[in-house]
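Peer 1: 3D model of this:
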Amino acid sequence: MIRLRAYKPCDAKKIVSWCKDEKTFLLWGGEHFGSFPISADIMNHKYFQNNGDCTETDNFYPMTAFDETGIVGHFIMRYLRGDNKLLRFGWVIVDDAKRGQKYGQKMLTLGLKYAFEIMQVDQVTIGVFENNIPALQCYLSVGFRKSEDKEDSYEMIEGEKWKIIELAISKEEYQAGF
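Peer 2: Reported below is the predicted structural model:
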């Protein structure tokens, strides 16, 4: 059984160990963390000294997923544009030894439950690089759908344009079981 808790600085060492190569690192956080390889200190600095790059205080909520074996996944939540009814998930990563075993799906399902039932948001959004097919399939499997409100965008990664597909799920879709 997977559970969620608030991220702790001691989680960083395990989480960054899942970025074994540059492609995984880029798919996880793009270049938001600097350059590969990432260290626990860099991750903790981003989260605790830079508030996850969020300008508003009390707007950055990193979460850690764990089971009886230890830490198995991680993602962040943040409000968009100061709107406490609109939440964005990001920086989703699962232990590389557990990928393909539905850990991401279970973790994000719990995240959506928390977002809609505890935080009482109306909508959750997430962006995914077009070339990250396993993540896209995971997000679709938990109820995210192509966003009608936001256009896809592009990010320059190592001199290439990577397309970001925008996805969203509403509280109504979540409650209906999408």
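Peer 1: hmm, who's touching the lowest-mean-pLDDT helix or strand in the chain?
Peer 2: When the helices and strands of the chain are scored by mean pLDDT, DSSP states H and E, strand 153-157 comes last with a mean of 82. For strand 153-157, the external contacting residues (CB atoms under 8 Å, 6 or more residues apart in numbering) are 26, 30, 31, 127, 129, 161, 162, 163, 164, 166. (C-beta placed from N, C-alpha, C; glycine too.)
Peer 1: again, only using 6 Å
Peer 2: 26, 30, 161, 162, 163, 164 (CB atoms under 6 Å, 6 or more residues apart in numbering).
Peer 1: residues contacting residue 72?
Peer 2: With CB under 6 Å, 6+ apart, residue 72 has these contacts: 65, 66, 95, 98, 103.
Peer 1: Grab the nearest non-local neighbour of the fourth one.
Peer 2: Read it as residue 98. Leaving aside its sequence neighbours, residue 98 sits nearest to residue 72 (CB to CB, 6 or more residues apart in numbering; 5.5 Å).
Peer 1: part of a strand, is residue 56?
Peer 2: No. Under DSSP: H, G, I helix; E, B strand; the rest coil, residue 56 falls outside any strand and is assigned coil.
Peer 1: any chance you could map the helices in this structure?
Peer 2: Along the chain, the stretches classed as helices by DSSP state H are 12-17, 22-29, 40-44, 103-113, 133-141, 171-175.
Peer 1: quick one on the thing from earlier: describe which strands the least confident helix or strand of the chain pairs with in its sheet and in which direction.
Peer 2: Strand 153-157 sits in its sheet next to strand 160-170 (antiparallel), going by DSSP bridges.
Peer 1: Centroid-wise, who is the farthest residue in this protein?
Peer 2: Farthest-out residue of the chain from its mean C-alpha position, per CA atoms, centre = their mean: residue 159, at 23.6 Å.
Peer 1: measure it to residue 54 for me?
Peer 2: Note on residue 159: its distance to residue 54, by CB to CB, to the nearest Å, is 27 Å.
Peer 1: Also residue 33?
Peer 2: Residue 33 is 15 Å from residue 54, where distance means CB to CB.
Peer 1: Of those two, give the one with the bigger neighbour count.
Peer 2: residue 33 (21 against 14; other CB atoms under 10 Å).
Peer 1: Give the full set of residues in contact with that one.
Peer 2: Here residue 33 is in contact with residue 42 (CB under 6 Å, 6+ apart).
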